[in-house]
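>>> here is a sequence with its predicted model. Questions after.
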Amino acid sequence: MYTLFSILFVISVIGIFKPKLFINLFKKQKELKKIRVIFICLSVIFLAISGSLMPETVNNTKETTATIQPKTDEEKRMDVVNNLKSHEIEAEVFVQNQVEGLLKAPSTAKFNLSEREEVESATGTAYIIVFGTVDSQNSFGAMLRSSIYAKLDYTNGKGGEIVSLKIDGKEYYKKY
C-alpha cells in the first residue's frame, strides 16, 4: 500500500515539473496551468496519505528499550562458556609451558591434551580444565607417560590463572 502511494506521488511530481507529458489526457495545450494545479493537489494528498501510513519510529524505540529483558542465569552461563571456548588453545599452551618447566628433559616432551569448560553458575566462577598425557624422557633417558590435570581460572576475563596442577596425581600447584 505504501509503495503504491509512493509511485503515485512520483507520478504527480513529474506532472508538476513536466506537465507536457500528460497533455494528451486534456487534449489542449492551454490547460498546462490547470494540469500543474491538479498534480500539486494530488502530490499534497499523496504525501498526507503516505505520511499517515508510515510507522511511528519514535514511540516504537521507547517501547523496545523498555521491554529489554535481563539475561537469565542460563544465558549468562552460555556467555561465559562461549568466552571460555575462545581461550582453549591459550589454556593448552599455558599448561604445556608450566609442565615443561617441571620435566627433566622438556625438549623431548610430546603432549596429548584436551580440555573442557566448567562454569559454576552459583559463584560465577569460570574454569577451563586441561587434561591429558605427556611423553618425555626421565633423567635416565627412558620415555615415560605421565597424566596431566590442570584447572585454570578464567573468571571475570582473567587471563588464565592456575588453580591446580597435577602430574601423575602429584599436586604441583594448588591455589587456596
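Thanks, I have the structure now.
>>> Lys113 touches Ile128, doesn't it?
For the record, residue 113 is Leu, not Lys. No. With contact defined as Cβ atoms under 8 Å, Leu113 does not reach Ile128; the gap is 11.1 Å. Quick note: C-beta positions are derived from backbone N, CA and C, even for glycine.
>>> what about those two, which has more around it?
Taking other Cβ atoms under 10 Å, Leu113 and Ile128 do not tie; Ile128 has more neighbours (23 against 17).
>>> tell me which helix or strand the more buried one sits in.
strand 125-137 (DSSP states H and E).
>>> in the chain, which spans are strands?
Along the chain, counting by DSSP state E, strands occupy 105-120, 125-137, 143-153, 161-167, 170-174.
>>> let me have those in CSV, extended by distance to Ile38.
Compiled in CSV, the strands of the chain are given as follows (distance: least, Cβ to Cβ, whole Å):
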stretch, distance to Ile38
strand 105-120, 71
strand 125-137, 71
strand 143-153, 77
strand 161-167, 79
strand 170-174, 88
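>>> let's have those strands in CSV, adding mean pLDDT and distance to Glu74.
Output for the strands of the chain, formatted as CSV (pLDDT from 0 to 100; distance: least, Cβ to Cβ, whole Å):
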stretch, mean pLDDT, distance to Glu74
strand 105-120, 83, 11
strand 125-137, 88, 15
strand 143-153, 91, 22
strand 161-167, 89, 24
strand 170-174, 87, 31
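>>> who wins for proximity to Glu88 among those?
Closest to Glu88 of the strands of the chain is strand 105-120 (Cβ to Cβ; 5.3 Å).
>>> ranking helices and strands of this protein by mean pLDDT, which lands last?
helix 57-66 (a mean of 50; mean pLDDT, DSSP states H and E).
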